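Asker: from the sequence below, what's the structure:
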Amino acid sequence: MSARIADTAIVEPGAEIGDGAQIWHHVQIRRGARIGRDCIVGKGAFIDSDVHVGDCAKIQNGALLYHGATLERGVFVGPGAILTNDKLPRAVNPDGTLKSAADWMVGRIHIREGASIGAGAVVVTGVTIGRFAMVAAGAVVTRDVPDHGLVAGVPARLQGYACACGRRLQPLGEGEWVCPECNRSLRLPAPPVSSAGRP
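Answerer: Below is the predicted model of the structure:
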């Protein structure tokens, strides 16, 4: 079995594409990037150098994954989502000279197994997103997200928890949560409550 790569895709020498992967039109995958087995990379996505994508991941159209990102098995990245890598972005140094690769420090993003990043979400560098977490569309993630965490907003805040099947878990009390769809149950802490009385 081999990967299917569209004629219009640019896969630089030194990029690794796993068996069964599907790379669609106008995708760019830079040298040193590793795409796992059976991944789907949608039209117009950009995978920067040394980004690691685990098996069975789905990267949707127009997603931008910059150097410093690691995605484990089964991660979903929605259309137009962005994984950044520079907390102090500048085009020039204080003396006005153009910044080079030596003038900044790459940040890291780690997205754990089965997590989902919604359409148009931005993940700021320096965070870890836990297993089977769910980031809502349009959210801006500036801090770590726990396993199964459901986060939304700008900046993203914990709103509850998501099941591995994607449904929102319902609290049963005393740290017990259950999925109304597949009946999986998990033991998780209560989300923090803001001064407005909402998570």
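
Asker: was I right to think residue 26 contacts residue 41?
Answerer: No - in this structure residue 26 lies outside contact range of residue 41 using CB atoms under 8 Å: 10.6 Å. Yep, even glycine has a C-beta here, placed from its N, CA and C like the rest.

Asker: how far off centre is stretch 48-62?
Answerer: Here stretch 48-62 shows a centroid-to-chain-centroid distance of 9 Å under the convention CA atoms, centre = their mean, to the nearest Å.

Asker: quick one: low-confidence parts of the protein?
Answerer: For the chain, the stretches flagged by pLDDT under 70 are 1, 192-199.

Asker: go with 80
Answerer: Counting by pLDDT under 80, the low-confidence segments of the chain come to 1, 191-199.

Asker: of residue 26 and residue 41, which one has the most company?
Answerer: Neighbour count, other CB atoms under 10 Å: between residue 26 and residue 41, residue 41 has more, with 31 against 15.

Asker: I'd like the distance between that one and residue 155.
Answerer: If you measure residue 41 against residue 155 using CB to CB, to the nearest Å, the figure is 28 Å.

Asker: what about the nearest residue to residue 182 once chain neighbours are set aside, neighbour count?
Answerer: Beyond its immediate neighbours in the sequence, the residue positioned closest to residue 182 (CB to CB, 6 or more residues apart in numbering) is residue 165, lying 4.9 Å away. Burial measure for residue 165: 10 neighbouring residues, criterion other CB under 10 Å.
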